[in-house]
Structure formats: C-alpha cells, structure tokens
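**Q** output the structure for:
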Amino acid sequence: MAKHQFKPPHKRRGGSTRRALERQEASGILSVTHSGYGFIKVTDPEGIPDIFVPPHFLHQALSGDQVRAAWTPGEDGRGPVGEILAVEAPGRKEFVGEVLAGRIIRPLDRSLPDAIPLAGGMKGSHRGDWVRLKLLRTDEGHAAAITSTIGKAGSIKGDLDAVCAEYHLEPAYSAEEDAAAAAVVSREIERENLCRRFTVTIDPTDAKDFDDAISIAPGKTRQLLEVGVHIADVAAWVAPKSPLDQGAYKRSFTAYLPGRTLPMLPKTLTAHISMHENTDCPAHSVIFQIERSTGKIVEFRRCHTTVRIARRLDYETVQNFIDGKSIPEGWSKVFCSKMKLLVGITQKMRELRAKTDRFLDLALPEIRVLCDENADQISGMGTKIQRESEFIVEECMLAANSAVGQELRRIGVAGLYRVHAEPEPDKLMEFEGQIADNFGISTGDLSNRENCLRFLAELPDGPRKMLILNMFLRSLPRAGYAEEPGLHFGLGKNFYCHFTSPIRRYPDLTVHQQLWNFDKKQRTRPAASMKSLAEYVSAKEENNDNAFFAASDRLKLRYLAEQLERTGENFYEGIVAKITSGGFLAEIPEIGIYGFIPRENLPQNISRRGGHMIDTRGRREYRIGDYVYLRLSQIDVARGSAEFKPVSRSKA
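**A** Below is the predicted model:
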C-alpha cells in the first residue's frame, strides 16, 4: 500500500510554520487519546521521548498507524511537538461501529473519528445496529464498508458482543470443545498427602473458579506456624502444546466483562480441577514456616500434593467473623480457633511486608455495574472495597508468587516474571506540580520511596483522595511480564512471578508447566522463547483490560440513561479532574466514570488560565480538585461518553 503523504498549508494556528517543524524527522507508532491528541512512540529513538501531536497536525492519521513526523523541541522544557508527514504503514484495517442516520458510522473506539461516512451497501444492517466494518483510506479522508452485522445496540448482549468484536476477544468454548476437555485424563506425578491439614478456600460469593486454598498447622517448632498455599495443579491436565494449551494461549486470560465471563480454559475442565469442598484435590503447593510473633517467613518448600477442603468460605462470611459480628453456622470451636490463627498470622505478614518491602498501598474502591445478560437488565451499581478478609488471601498469594519467583531463578528454569518499572522522572515531576498547584499539597520528591510512602499515607480520606490516587496511578508505567526478574515498583519486590492463578492466567500456567517438567526431569522451555511470550501475554492482558473498561463504561452510561428515564434523576456531585482548552473532565465518584463539561456549557466569559478556568468577571473558577454539582445533559453510549452542565444545588 502506498504511503499517505500529507501537504498541510504553510500557515498554522498560533503562527506555527511547516518550516519550523522540518528541523528533524522520526518514525514511530501513533496513539490518539479520547480528546484527539496524538503521541508518537519513536521506533528509532536515539534518545527521543514520545512526540506530542496536536489534533490539527494529525492529518488523518489514526491510532496504531506507523507514521513519519517532523518534530521540534517543545517550549519551556516540555517534550517534542510534531506534525504527521506520512502514514508509513496503516495500523488499523477494521473496526466496530454503530449505524446512525444519514449513512454515518459512529466507531466504538473513541480514538477514531466521531463520524465516518459509509461506503457501499448496508448488507442487511439497519440504523441502531452494531456492525463490523472495513476501514477505507483515501487522501481525502476515511470511509467504511460494512462486512457483517453484530447485533442491536442498546441491548446488553448487543453491546457486549460489540465490545468482544472490537477487542477481538476469543469466543466461549463450544459444546464440542467442552466435551473434549471433560474427557482429558490427568497426568501422574508423585504427591504428598496433606488431606489432614486444616484447609479452606476463601473467594467472592460469585466466584466462577476455585484455584487456590490455604492451610494452617503447627510449624516445625513452637515458635513457628506452617502456612500452606495450595494451587489447582492445572499442568496435570494441560500439557504444553496440547489442544487445551493452544486454546489457553490464544485467550491468555479469562476475560471478565460485566455480565459475561469468557474463561481461558473450558468450563467443564475448570469445574473439574477447581478445589471443591470435602473432595481430595490435586494441588501444586508452597509450604511456609513462619514465625508466630513476627510473620517472618523463615523457609519454604514447593511440592505436588493432595489436599482436602474443609469448607468453602466467602469474603463476606469471613469478614463478619473478623469483625466479631457472628460465628457462622457450623463453625466449631476448633474451626474458629484455626481461623483466628490464620487471620492473625496473615496480619503479621502484612505488617512485616510493609516494613521490609515498603509496598505502595494504592487500593481504590471499584464501582461495578451489576447486570444480567440473559434478562437484558442492569440491576444497579456495586462498590467493591478491599477488606481484611481479602488481605488473608492476598498475603498468602503474594508470598507464594515471591517464593516461586525466587525458586525459578535458583534452579535455573526459565519462566515469566511480573515486573513494574519505576516511574519516569518527568511524569513524577509533572504529578508533583499538579498536586502542589491544585491541592496545595507538598509531595516531596516522590522518586524517594520514603517520601512516596509518606505522601500516600497522609492523604485525607474522601473523594479527593480517590482522584489523587487515580492521577498518581496514571503517572506510573503499566505492570507487565518479562523473561527476566526485575523490579516490581508497586510491591517493592525484585523476584516475583505469577503462580497462583493458572486457571485464568496463561503466565501462571506457563510457570506451572515449566516446574512440572522440571520435577518430572523432562525438558523445559528455553529462556529464548520467553521474551516473545512475555510481550504477547502483556499485550493480551492490556487488551482484556481495555475491553473491560469499554464494556463497563457503556453499561454504566446505559444505567444513567435508564435512571433518567425512570426517575428523572440526573444530578450528580463531581470533582474536577482535568482542564482542557475545550472544557474540563469531572470524576463522578457515585458511578465511577468521568464526565465531560464542554466549554459551551460553561459561563460565556470563562477562559482557561494555566491549570484552571476562570470567569473573566471573577465570579466563578474551576480548578482540579474542586467539587462541582452537575446535571446530565447528553449521553453517547456508542462512544462511551457523557456530557454534563454545572448547576447550583438550588436548581437541582
């Protein structure tokens, strides 16, 4: 395909000229934000950071395109600013969109233009349908041709089908694949019988799989407790390169969308190898000897075992027990005593980890939309807050992942490691300046871990804390997978892998398979093969996350629209989160979305001044962190966006 060459006029807004941008050129991959701003990740860097591209310099290039750009250093020490000269290789050839009136397509992906004209026939589609489309590019602009119809926009099934198509999520396993998986016989390996250990599972009430259990018993001495972390021995059923392994590799992760779960492994197999109550379960275990008084792990060993689950527990029940609200039905004195030991030792483990690893506590409430795809109904919103009952499981899983990460290195077996790079200094400095300017908080140098911990610990509770933590998270790089151990910045660990969820994460399954082969004295995968695998599963994880956010945002907006239609309620409290030339974004904590307040919905005399907006008559000012009362004015479910208008409470 020929390169698209762009010939912009010499004159530009603000006096910019083509000649000023021709000083240097670079190639890279373009990404475009929801707001229309572009960033080029340079592929021939030579020290060049990401190049910022204003909307009027994109010249029809799209997210994912490999582009050639002219660039010049930014003013006031800012990063380089560029202009697209050519699309060297198109990155996107198809997309999903909704058919609107006037033969217009509105893409689901918000990085694409808002409206793309339709070329060719309707192929049986109608207005209001989600459709798959081929993207057509010309020097004059973009068009789209329908390739197939997905379903009706506005239904939960149709919306979820559209998200799955846009993000290329693998479909659920067929009945034939489920039946074939159910017939697979487990491979044999020598196992320790730990069925007499006190062992429980603790999961959410709506858990779909049960791949981990915890046991507690007296340790080797009176000063020690033995804590066992037992993981479903998935490698016994899923051998490398088998059909089951290939299906898991294609998916890489179980995809959790609101109202729909697409499992990494067939559901019949998942149900069979999950850990069930009062059943002898094959497990891959890590057994710890832990000091009762300090929570310090003094030794660990890894082994294949058979365990028996005394009881299946859920977080709510365990939390009520911790809070002293009630003793659950059927819990004997001995059972309660064992649970108290488990709660107590994991509390000490967490306290010690805070001192030694100095992990960053970045837990945020998660606002989830609750829906039933079969009934095509949204039942409401739910808030998930991490509690002490979840810390029990978290501490045990973190310990097991760390132990296995260390062992992989010690025994020389190639694996996948979970890494999280340190934040880039310029992004930290930008965040520090935003917090000082908008909240009056002095962060100190956040590249110093002690300062970072102090800053996070001293944040006052409330909606503004959520906003600040979200801003901080956006300043951090994304965690991913690597073939070599490295720093996990958030956890403060250096040898860390994922081992504890092989039913739903392919990296964990890979580690299980490697250790199985090592234990059976069979050939393991070479280290050279892990680099490409790490890149592949990191990209798959990010894609799954993006699909979840896209589905969640659209269903939340549909919930807003239904509330408005049913009750007429459309007033919300928000917090100003970002100021742009076109308006500002506000976080709506009640529903966990960001709403846009366009400039035309603001007072006529308001203008942007630096990081805030102010009425030139001095009557109203908007700064990041300000509380605003908002009225919902427009919802675009297809694009996943909502517009609001500021109002006074008296007008509500």
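**Q** residues contacting residue 259?
**A** 156, 160, 371-373, 555 (CB atoms under 8 Å, 6 or more residues apart in numbering). Using the backbone N, CA and C atoms, a C-beta is placed for each residue, glycine as well.
**Q** 6 Å instead?
**A** Residue 259 makes contacts with 156, 371, 373, as judged by CB atoms under 6 Å, 6 or more residues apart in numbering.
**Q** and residue 133, that's in a strand?
**A** Yes - applying DSSP: H, G, I helix; E, B strand; the rest coil, one finds residue 133 inside a strand.
**Q** for it, give its distance to residue 483.
**A** Applying CB to CB, to the nearest Å, the value for residue 133 to residue 483 is 37 Å.
**Q** over to residue 381?
**A** 40 Å.
**Q** got it, and residue 514?
**A** For residue 514, the distance to residue 483 - CB to CB - is 12 Å.
**Q** how about the helices in the stretch 51-200 of the chain?
**A** For the stretch 51-200 of the chain, the helices defined by DSSP state H, counting those that start in this stretch cover 156-166, 175-182.
**Q** picking up where we left off before, out of residue 133 and residue 483, which sits in the busier spot?
**A** Taking neighbours as other CB atoms under 10 Å, residue 133 and residue 483 compare with residue 133 leading, 25 against 19.
**Q** which one of the helices of the stretch 51-200 of the chain lies closest to residue 358?
**A** Among those, helix 156-166 comes nearest to residue 358, with 38.1 Å by CB to CB.
**Q** could you list the buried residues of that closest one?
**A** Across helix 156-166, burial judged by 16 or more other CB atoms under 10 Å covers 156, 158-166.
**Q** that one: how far from the chain's middle?
**A** 18 Å (CA atoms, centre = their mean, to the nearest Å).
**Q** ok, and what's touching it?
**A** Residues outside helix 156-166 that contact it (CB under 6 Å, 6+ apart): 96, 108, 130, 150-152, 257, 259-260, 371, 373, 376, 547, 550-551, 554.
**Q** show me where pLDDT drops low in this structure?
**A** By pLDDT under 70, the low-scoring segments of the chain are 1-23, 45-47, 76-77, 569, 610, 617-619, 649-652.
**Q** domain ranges for it?
**A** 4-89, 94-153, 182-403, 425-476, 570-651 (automatic domain parsing).
**Q** tabulate these (a markdown table), appending distance to residue 534.
**A** Shown next, in a markdown table, are the domains of the chain (distance: least, CB to CB, whole Å):
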| stretch | distance to residue 534 |
| --- | --- |
| domain 4-89 | 18 |
| domain 94-153 | 26 |
| domain 182-403 | 11 |
| domain 425-476 | 19 |
| domain 570-651 | 30 |
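**Q** nearest to residue 536, out of those?
**A** For the domains of the chain, the distance to residue 536 is smallest for domain 182-403, at 7.3 Å, taking CB to CB.
**Q** endpoints of the closest one, how far apart?
**A** 32 Å (CA to CA, to the nearest Å).
**Q** can you report how many residues neighbour the closest residue to residue 134 other than its chain neighbours?
**A** Nearest residue to residue 134 in three dimensions, chain neighbours excluded: residue 145, at 4.7 Å (CB to CB, 6 or more residues apart in numbering). Residue 145 has 17 neighbours, counted by other CB under 10 Å.
**Q** likewise the one 10 residues further on?
**A** With neighbours defined by other CB under 10 Å, the count for residue 155 comes to 14.
**Q** not counting residues beside it along the chain, what's closest to it?
**A** Per CB to CB, 6+ apart, closest to residue 155 is residue 376, 5.4 Å.
**Q** I am finished for the moment; much appreciated.
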